[in-house]
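Peer 1: need the 3D shape of this:
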Amino acid sequence: MPKINFQKIVCTIILFFAICLFGTSAFAKNIELNHKGRAIIHTESIDTKKQLSGVTVNFYQIATLNESFDFVPIRSGINLSATDKQLLSKAKELNISPQKHISKNGAVTFDNLSLGIYLVEIPDQKINKSTYGAEPFTVKIPISDTGGYSYLIEATPKISIQKSTNLKPVPRTSSQNYLETWVLLTIGFTLILAGIGIKRHGRRIRK
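Peer 2: Presented below is the predicted three-dimensional model:
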């Protein structure tokens, strides 16, 4: 039976916990809490594959990064585990004021951002005779990058043409109503004449 090397096992366990401990410390050392972030949101239609200018983008901060390097909601009642739609609804319910920018040349930039979590909203809006919109989504600043963390984030939401659900029926004109009535009367009169003809033809056959 092979001899178990307990010393090696103990060293491995110690090394494992050391990696976990120093890994957390490395996270803290690499992030500068006072560093400001930047977000670039690209506004491109997934339907036409073209860049869109004049798109209003709302940017809500819903969490900050504290000294323990944990994301903390900026208001009580915000559940960071909720869906993006639920977070947007809660942000509006709590009257959190977003930063608003309008895109130029297919992009919009938000500068001088505090570290934390942001909710991005692109509400339905009319651009070039079409109504565009996108699902809300969240971004974190900073994000993990090769060799450290990046304070610049870029995102390309799926902006698409929205189907209208509030189409109003086109009002009918008096001429359309008159024409429809005339057609119905003509069809009814024709059917009556056809019925009379069939009855007469049947009587002749019997005779």
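Peer 1: next, the buried residues of stretch 58-69.
Peer 2: 58-63, 65 (16 or more other CB atoms under 10 Å). The C-beta positions use only the backbone N, C-alpha and C, and glycine is treated the same way.
Peer 1: so which of those residues belong to strands?
Peer 2: 58-63, 65 (DSSP state E).
Peer 1: mind putting the residues you listed in a markdown table, pLDDT and distance to residue 140 included?
Peer 2: Putting these into a markdown table (pLDDT from 0 to 100; distance: CB to CB, whole Å) gives the following:
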| residue | pLDDT | distance to residue 140 |
| --- | --- | --- |
| 58 | 98 | 17 |
| 59 | 98 | 13 |
| 60 | 98 | 13 |
| 61 | 98 | 11 |
| 62 | 98 | 11 |
| 63 | 98 | 9 |
| 65 | 96 | 9 |
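Peer 1: closest one of these to residue 82?
Peer 2: Ranked by distance to residue 82 (CB to CB), these are led by residue 62 at 9.9 Å.
Peer 1: ok, that closest one - contacts?
Peer 2: Neighbouring residues of residue 62 by CB atoms under 8 Å, 6 or more residues apart in numbering: 73-75, 78, 80, 87, 91, 96, 116-119, 138.
Peer 1: which parts of the chain are helices?
Peer 2: 6-30, 84-93, 174-206 (DSSP state H).
Peer 1: weakest of these by average pLDDT?
Peer 2: Across the helices of the chain, helix 6-30 has the smallest mean pLDDT, namely a mean of 48.
Peer 1: neighbour-wise, which one of the contacts of residue 62 leads?
Peer 2: Neighbour counts for the contacts of residue 62 (other CB atoms under 10 Å) peak at residue 87, which has 24 neighbours.
Peer 1: out of everything not next to it in sequence, what's closest to that one?
Peer 2: Spatial nearest neighbour of residue 87, chain neighbours left out: residue 119 (5.4 Å); criterion: CB to CB, 6 or more residues apart in numbering.
Peer 1: for the one you found, give the beta-bridge partners.
Peer 2: Applying DSSP bridges to residue 119 gives these bridge partners: residue 60, residue 138.
Peer 1: tell me the pLDDT of it.
Peer 2: At residue 119, pLDDT is 98.
Peer 1: please list all residues in contact with it.
Peer 2: 59-62, 84, 87-88, 91, 98, 136-138.
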